[in-house]
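> dropping the sequence and predicted coords here.
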Amino acid sequence: MKRLLVAGFALALLFPALAFAQNPFNGTWKLDPTTVHQTGGEAMVMSLKNGMYHCNCHPPIAVKADGQDHPVKGHDGFDAVAIKVVNDHTIERTYKKDGKVVSEDTITVAANGNTATIEFNDNNGSDHATGRGVLRRVAKGTPGSNAVAGSWRLDHVESGSGNVFDPTYKIEGDTVTSTAGGDSYTAQLGGKAVPNMVNGKADGTVSVRMLNKNTLRETYAKDGKVTSTATMTVASDGKTMKMVIHDMKSGVTTTMIHDKA
């Protein structure tokens, strides 16, 4: 009898674990940076002439390119920008929040002027990411400008690493918990929007629903207005997950593939 009771308790403990494992989203997903692809929206437009840097960011940025910090308003995650001109085809951009560096990147235009590399280093709280991408020129800048001036689109990503790229999902019943670097939330599937936590502070809200057993959609909002959606679909074999992010501000859709860790 005792042996049967022990076996019964073992099965009772095992069944919940099996139920947890069966959800195709549960676990950590590692980004394959070479699969990142962008479509739609505006090209990135920069100008750099007579000591002034402009970009068609959302909202636009216009600051002196003197390597010093200049305040900017209305941007998620940073409140100051510094633009340093390295030479006639390379610039360094530094973004700060409350005096702390949160992101840096270097843009270097190739000799033919048709492509440029962008190497970035993001370090915001527990978020950390580095990578290298290649930009493709869409239009030239005005004559006499630095080579970085003009219109650019992301052509492809060569490398990328960092915990912010690799989300972990845990779905139990109708509750989903997601973490990625310093970002996290716990929400009810199909329920009300909850705070989206970024490095321990609420940054807008997120609501989550299942579109089908293999597809999950996150909807992010600020001040009651949707800012972006992320739709994740796990392949039938459970080994890969396709993520499609649509940014409402820029109109850009980013697609990428994650592998099950």
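Sure, I can see it. Numbers count the residues shown, from 1 in each chain.
> can we go C-alpha only for contacts and neighbour counts from here?
Will do.
> could you look up the SS state of Gly238?
Secondary structure, DSSP: H, G, I helix; E, B strand; the rest coil: Gly238 is coil.
> list the buried residues for stretch 63-71?
By neighbour count with 16 or more other C-alpha atoms under 10 Å, stretch 63-71 contains the buried residues Val63, Lys64, Ala65, Gly67, Asp69, His70.
> mind jotting down where the strands sit in the stretch 1-150 of the chain?
Counting by DSSP state E, counting those that start in this stretch, the stretch 1-150 of the chain has strands at residues 27-39, 44-49, 52-55, 61-64, 70-71, 80-87, 90-97, 100-109, 115-124, 127-140, 150-161.
> how about a markdown table for these, with mean pLDDT and distance to Ser250 added?
Output for those, formatted as a markdown table (pLDDT from 0 to 100; distance: least, C-alpha to C-alpha, whole Å):
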| stretch | mean pLDDT | distance to Ser250 |
| --- | --- | --- |
| strand 27-39 | 93 | 11 |
| strand 44-49 | 95 | 10 |
| strand 52-55 | 96 | 13 |
| strand 61-64 | 98 | 14 |
| strand 70-71 | 98 | 22 |
| strand 80-87 | 98 | 20 |
| strand 90-97 | 96 | 19 |
| strand 100-109 | 95 | 20 |
| strand 115-124 | 90 | 19 |
| strand 127-140 | 90 | 17 |
| strand 150-161 | 91 | 12 |
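> ok, which of these comes nearest Lys239?
strand 27-39 (9.2 Å; C-alpha to C-alpha).
> quick revisit: turn the strands of the stretch 1-150 of the chain into CSV, including distance to His246.
Below are these laid out as CSV (distance: least, C-alpha to C-alpha, whole Å):
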stretch, distance to His246
strand 27-39, 10
strand 44-49, 16
strand 52-55, 21
strand 61-64, 22
strand 70-71, 28
strand 80-87, 25
strand 90-97, 23
strand 100-109, 22
strand 115-124, 21
strand 127-140, 19
strand 150-161, 15
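> what does the strand or helix carrying Met256 contact?
Element membership of Met256 [criterion: DSSP states H and E] is strand 253-260. Contact with strand 253-260 is made by 27-33, 35-41, 166, 238-247, as judged by C-alpha atoms under 8 Å, 6 or more residues apart in numbering.
> and the residues you listed, which are buried?
27-33, 36-38, 166, 240-247.
> just give the nearest non-adjacent residue to the residue nearest the centre of the chain, would you?
Central residue of the chain (C-alpha atoms, centre = their mean): Phe165, 6.8 Å from the mean position. Excluding the flanking residues, the one nearest Phe165 by C-alpha to C-alpha, 6 or more residues apart in numbering is Leu31, at 6.0 Å.
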